[in-house]
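Colleague: What shape does this take:
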Amino acid sequence: MCKVLRLLDEPGRGIAVLSAPGDRPDAATAAMAAATDWRGAYGIDEPVIAGACAISGLFDLEPMRHFQAREWLGLDEAASRRNSPLLHPPATGCPMIVAVGADETAEFRRQSAAYCEAWLSWGHTGGLLVAEGHNHYSIIGALDDPAGPLHRAMLAQMGLAAA
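Modeller: Numbering: from 1, shown residues only. Predicted coordinates for the structure are as follows:
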């Protein structure tokens, strides 16, 4: 992504403004991308990401270290801390929708609420969207429902009118 952004930032090309949606594992990636200091780390003028939507994410990987998955993930304490967006308050940020299905596990709902609360406490804008009738696997389909709150929230975040 940084190579594309550098190319777009060349004189005469203009900078791309991206929206970064992410579901499940990509929710943490979207959160980390939204929190990146693009100018300091890559020399790219901000804002690179105009808005983000983190869907059904794990924002604190510490609980994962206590399950069998830690072995195939190679998740030690250092990797857990390094890859947990909840532990890295960004100096800059964009509007963030943190979405979670109402029928997801308590841990996904807890982490989504905690990350949204932290994002707001760090001085950024955003909100928590709990999608009624959705679980960890069905919530991504809510983006495709023009009448649904997740679809409408993403359009609003991008400054677009609902169809």
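Colleague: Tell me which stretches of this protein form strands.
Modeller: Ranges of strands within the chain are 18-23, 49-55, 96-101, 126-131, based on DSSP state E.
Colleague: what about the helices in this protein?
Modeller: In the chain, the helices defined using DSSP state H lie at 2-8, 25-35, 38-42, 69-73, 77-82, 106-121, 149-157.
Colleague: The ones you listed into CSV, with extra columns for mean neighbour count?
Modeller: Using the backbone N, CA and C atoms, a C-beta is placed for each residue, glycine as well. Formatted as CSV, the helices of the chain follow (neighbours: other CB atoms under 10 Å):
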stretch, mean neighbour count
helix 2-8, 12
helix 25-35, 21
helix 38-42, 14
helix 69-73, 11
helix 77-82, 12
helix 106-121, 18
helix 149-157, 18
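Colleague: lowest-confidence stretch among the strands of the chain?
Modeller: Lowest mean pLDDT within those: strand 18-23, at a mean of 47.
Colleague: before we move on, the earlier item: quick check: which of the strands of the chain is nearest to residue 73?
Modeller: Nearest of the strands of the chain to residue 73, taken as CB to CB: strand 18-23 at 17.8 Å.
Colleague: Let's test this: mean pLDDT of stretch 102-122, rounded?
Modeller: Stretch 102-122 comes out at a mean pLDDT of 96.
Colleague: could we number from 179 for the rest of this?
Modeller: Sure thing, new numbering starts at 179, so read that last one as stretch 280-300.
Colleague: just how off-centre is it within its chain?
Modeller: 12 Å (CA atoms, centre = their mean, to the nearest Å).
Colleague: What lies in contact with that stretch?
Modeller: 209, 232, 234-238, 241, 263-264, 267-268, 271, 274, 276-279, 304-306, 308-314, 317 (CB atoms under 8 Å, 6 or more residues apart in numbering).
Colleague: Can you say which of these are buried?
Modeller: Buried by 16 or more other CB atoms under 10 Å: 209, 232, 234-238, 263-264, 268, 271, 274, 276-279, 304, 306, 308-309, 312, 314, 317, out of the contacts of stretch 280-300.
Colleague: Any regions of the protein where pLDDT drops low?
Modeller: Scanning the chain with the threshold set as pLDDT under 70 gives 179-203, 224-225, 247-248, 340-341.
Colleague: re the thing from before, any chance of JSON lines for the helices of the chain, columns distance to residue 227?
Modeller: Formatted as JSON lines, the helices of the chain follow (distance: least, CB to CB, whole Å):
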{"stretch": "helix 180-186", "distance to residue 227": "10"}
{"stretch": "helix 203-213", "distance to residue 227": "5"}
{"stretch": "helix 216-220", "distance to residue 227": "8"}
{"stretch": "helix 247-251", "distance to residue 227": "26"}
{"stretch": "helix 255-260", "distance to residue 227": "20"}
{"stretch": "helix 284-299", "distance to residue 227": "13"}
{"stretch": "helix 327-335", "distance to residue 227": "11"}
